[in-house]
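S.K.: missing the sequence, but the structure's below:
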Ligand code: AP5
């Protein structure tokens, strides 16, 4: 079960990954969260990444590719993983293909969550994330926590991300359309692309993806 989640910023990749991780017992490997952890720890990599992230630009490939290709070899990813935020351009997609070949693994599916640009802006402007675990994601109106400003899952404080400002969100969208969207054809040609309507409620999107992944898992065992 080697899965990648694709879609524009704010499509709900993190929201769905958090649910699918529990359904299928695979780790959620999110490049954005890994980079934010490096920033929080004050590492050199984090320092290098921060200025790109705050501006909504992609972090250079050499930083990301090594980080991810090493991470998918960790013991907890031996039976599969859910990759979120990678690959984001052709160079990263080729590096992932090469890593699969080297590890004698293959991609099970690329799950695309589709959402219109204006909805992305609405969602990201109201997004709040858990300060302790950024996989715990909320929205002030669309998916609020039970108690304002507090994470339902671990009681930590909820905060707004630096790159969730409108101008930065629009720059991230431009980059998605120019660099990441062309990858859809690559996975479609390989028969691996599965599309989901991300404009539905988080529960409906989750139900659709879960059913598709469950079918794929069944097919793998036959
Ligand atoms: P990253 O952290 O990966 O951000 P992103 O791809 O822009 O995606 P988001 O986390 O913003 O959105 P999401 O789809 O996970 O949506 P979410 O579930 O939170 O990357 C950040 C930066 O890191 C990049 O800009 C870049 O600089 C760098 N980076 C990362 N990977 C890189 C790479 N491979 N190469 C180079 N640089 C890289 O949901 C959004 C909101 O909507 C939430 O509030 C949620 O509650 C709400 N919501 C979710 N689903 C629904 C729904 N169905 N209906 C209503 N509301 C919903």
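M.R.: Structure's in. What do you need? Quick caveat, the model's predicted, so the values are computed rather than measured.

S.K.: buried ones in the helix or strand where residue 187 lies?
M.R.: Per DSSP states H and E, residue 187 falls inside helix 183-189. Neighbour counts over helix 183-189 (16 or more other Cβ atoms under 10 Å) mark 183-184, 186-187 as buried. Yep, even glycine has a C-beta here, placed from its N, CA and C like the rest.

S.K.: Over to stretch 44-60?
M.R.: For stretch 44-60, the neighbour count (16+ other Cβ under 10 Å) marks 45-46, 49-50, 53, 56, 58-59 as buried.

S.K.: Quick check, central residue of the chain?
M.R.: residue 84 (2.7 Å; Cα atoms, centre = their mean).

S.K.: Only the buried residues of the helix or strand in which residue 94 is found, if you could.
M.R.: Using DSSP H and E, residue 94 sits within helix 90-103. Within helix 90-103, the residues scored as buried using 16+ other Cβ under 10 Å are 92-93, 95-96, 99.

S.K.: of these, closest to the ligand?
M.R.: Among the buried residues of helix 90-103, residue 92 lies closest to the ligand (Cβ to the nearest ligand atom), at 5.7 Å.

S.K.: show me what contacts the closest one?
M.R.: Contact analysis of residue 92 by Cβ atoms under 8 Å, 6 or more residues apart in numbering lists 61, 64-65, 86.

S.K.: Let's see that with 10 Å instead.
M.R.: Contacts for residue 92 (Cβ atoms under 10 Å, 6 or more residues apart in numbering) come out as 31, 58, 61, 64-65, 68-69, 85-86, 179-180, 183.

S.K.: do the same with residue 33
M.R.: Contact partners of residue 33, counting by Cβ under 10 Å, 6+ apart, are 14, 17, 84-85, 129, 133-135.

S.K.: Sounds good, over and out.
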